[in-house]
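> here is my input; please provide its structure:
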Amino acid sequence: MTLIMELWHMNYDCGIMLYGSCDVLLCMSDADNFFICNPSTRKSKKLTYESVDLPDINNIFYDCIYRFGYDNTNDDYKIVTLVFCQKEIRGDIDEYEVKVYSLKSNSWHRPEKCSQYPNMGSFGDSIASGALHWISYVKSDTEKKRLIVVFHLGTEKYREQLAL
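Here you go, the predicted model:
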């Protein structure tokens, strides 16, 4: 049995995180390793964690969200990572970066950022038609609008529309 299958059979309390599934593939990690695996064939690919290029400042909280999906435009599987920092827990996001891993090219890269800061609670919770969808808020002096932001996995471009 491969290491990833042994890890996969372990309990969540042992530190296994499942970030998403697509077709027959799982995107998961333990404390030290990141994997894409196919439980039916018992094959896995160990990935490297990508470094973060955000400021390293005391009293800043960092968090990271991973989403996994299929890019039907390029016949590729991709991991989209959002790393964000904020001055206080549950505060507004002060800065963020997005990185994308392509299974086909076996590499990470940084697409351009969206003009709207993501709402970390809804980042990429919905993957449909080859795109991640999440809610962002636009604040002005007079109102706060909700937007649906769409990140297309194939073109790696954003589209925004007002939420109902």
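> how far away is W108 from S29?
Between W108 and S29 the computed distance is 15 Å (CB to CB, to the nearest Å). (Each C-beta comes from the backbone N, C-alpha and C, glycine too.)
> so which helix or strand takes in C114?
Using DSSP states H and E, no element contains C114; it sits outside every helix and strand.
> tell me the bridge partners for the closest residue to it other than its chain neighbours.
Of all residues not flanking C114 in the chain, Y158 sits nearest, at 4.5 Å (CB to CB, 6 or more residues apart in numbering). Judged by DSSP bridges, the bridge partners of Y158 are F151.
> ditto for A131
For A131, the beta-bridge partners are A128, H152 (DSSP bridges).
> K145 now?
Note on K145: beta-bridge partners by DSSP bridges are V138.
> can you offset everything so residue one is 425?
I'll keep to 425 as the first residue from here, and by that count the last item is K569.
> for the nearest residue to P535 once chain neighbours are set aside, give me phi and psi.
Distances taken as CB to CB, 6+ apart put E580 closest to P535, at 4.2 Å, once the chain neighbours are dropped. Backbone geometry at E580, expressed as degrees, to the nearest 10, gives phi 60, psi 40.
> I572 is in contact with the residue nearest to C538, correct?
No - applying CB atoms under 8 Å as the test, Y582 and I572 come out as separate, 10.8 Å apart.
> which of those two has more residues huddled nearby?
More crowded of Y582 and I572, by other CB atoms under 10 Å: Y582, with 19 against 16.
> can you tell me how far that one is from M452?
When distance is defined by CB to CB, Y582 is 27 Å away from M452.
> can you map out the strands along this protein?
Here the chain has its strands, by DSSP state E, at 441-446, 449-453, 458-462, 467-471, 485-495, 500-510, 519-526, 531-533, 550-552, 555-563, 568-576, 582-586.
> what's the angle between the third one and strand 485-495?
The reference is to strand 458-462. 30 degrees (axes from the mean of the first three to the mean of the last three CA atoms, to 10 degrees).
> what does the first one give?
Between strand 441-446 and strand 485-495, the angle formed by their directions is 20 degrees, by the same axes, to 10 degrees.
> can I get strand 441-446 as PDB, trimmed to CA atoms?
What follows is strand 441-446, C-alpha atoms only, in PDB (Å, rounded to 0.1, in the frame of the first residue of the first chain):
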ATOM      1  CA  MET A 441      -7.100  17.500   5.100                       C
ATOM      2  CA  LEU A 442      -9.300  16.900   2.000                       C
ATOM      3  CA  TYR A 443      -9.400  20.100  -0.200                       C
ATOM      4  CA  GLY A 444     -11.600  18.800  -2.900                       C
ATOM      5  CA  SER A 445     -12.300  16.000  -5.300                       C
ATOM      6  CA  CYS A 446     -12.900  16.000  -9.100                       C
END
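> all set now, cheers.
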